[in-house]
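**Q** Got a predicted structure plus its sequence, pasted below:
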Amino acid sequence: AKVTVRGNLWYHQYEQVGGDAIDFVRRFYHKSYPEAVEYLLGNGSGTLFASPPVEKETRPFELPPKNENMRRVYAYLLKRRHIDREVVSYFVKAGLLYEDGKYHNCVFVGTDENDIPGHAHKRSTNSYGKTFRINVEGSDPHDSFHHIGEDEKLFVFEAPIDMLSYITLNMDGWERHS
């Protein structure tokens, strides 16, 4: 068998397969993954060193300032994304959707079980160019944008726009669903 080794990688010329050191030990010494790692560490006498975790300084969560109107958010959601006006108005009145005062992004507000904002997702209202989507710094993912209904159905969406689109397509009794 012709095997080429370069650094920590190997390649079997005839079988056209390769990999790293762990793959090599698993294949040619017939070891399981844990056995290969232990073998490479010298049967327990080796030591793994991990970099100490770097503490990232995070600011406390704070909602972005609101714009005095919602023209860009309504234009984007109604005309570009074709979200029903009633659906948009529902979330605006609930305080869960507004327009960012500085950059005119859509701000989707997530709350905790006491309706206290703990999360905000910003989405660009631009119709052209690159889209902008980001969670506000300090947001708690447990408090993401949501609607709690009365029945036992639960729907999960990747993004707030996806939820609003689904509601628009399934308007009949949507307020009852979570």
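**A** Perfect, I can see it now.

**Q** Specify the local secondary structure of the residue most central in space within the chain.
**A** Among the residues of the chain, the one closest to the centroid is Glu158, at 7.5 Å (C-alpha atoms, centre = their mean). Recorded secondary structure, Glu158: coil (DSSP: H, G, I helix; E, B strand; the rest coil).

**Q** What is the burial count for Leu96?
**A** Using other C-beta atoms under 10 Å, Leu96 has 20 neighbouring residues. The C-beta positions use only the backbone N, C-alpha and C, and glycine is treated the same way.

**Q** SS state for the nearest residue to it once chain neighbours are set aside?
**A** Of all residues not flanking Leu96 in the chain, Val109 sits nearest, at 4.7 Å (C-beta to C-beta, 6 or more residues apart in numbering). Three-state call for Val109 (three-state DSSP): strand.

**Q** Show the subsequent helix or strand relative to the host helix or strand of Tyr74.
**A** According to DSSP states H and E, Tyr74 maps onto helix 71-74. Next in sequence after helix 71-74, counting helices and strands by DSSP H and E, comes helix 85-93.

**Q** buried sites along that next one?
**A** Under the neighbour-count criterion of 16 or more other C-beta atoms under 10 Å, helix 85-93 has 87-88, 90-92 buried.

**Q** Show me what the helix or strand following that helix is packed against.
**A** Using DSSP H and E, the helix or strand that follows helix 85-93 in sequence is strand 97-99. Secondary-structure packing of strand 97-99 (3 or more C-beta pairs under 8 Å, 6 or more residues apart in numbering; DSSP states H and E): helix 71-74, helix 85-93, strand 106-111.

**Q** Packing partners of the helix holding Tyr74?
**A** When contacts are defined as 3+ C-beta pairs under 8 Å, 6+ apart, helix 71-74 sits against helix 85-93, strand 97-99.

**Q** Mind checking the ones you listed for the one nearest to Val136?
**A** strand 97-99 (12.6 Å; C-beta to C-beta).

**Q** Partner strands of the closest one, with direction?
**A** Partners of strand 97-99 in the sheet, by DSSP bridges, are strand 106-111 (antiparallel).

**Q** Give me the residues contacting the partner strand.
**A** 63-64, 66, 73, 76-77, 91, 95-100, 117-125, 136, 139-140, 143-146, 160 (C-beta atoms under 8 Å, 6 or more residues apart in numbering).

**Q** go on, stretch 24-33?
**A** Contacts for stretch 24-33 (C-beta under 8 Å, 6+ apart): 10, 17, 19, 22, 35-36, 39-40.

**Q** Quick one, which of the contacts of strand 106-111 are buried?
**A** Buried among those (16+ other C-beta under 10 Å): 63-64, 73, 76-77, 91, 96-100, 117-125, 136, 139, 143-146, 160.

**Q** any idea of the mean pLDDT in stretch 95-115?
**A** On average, the pLDDT along stretch 95-115 is 95.
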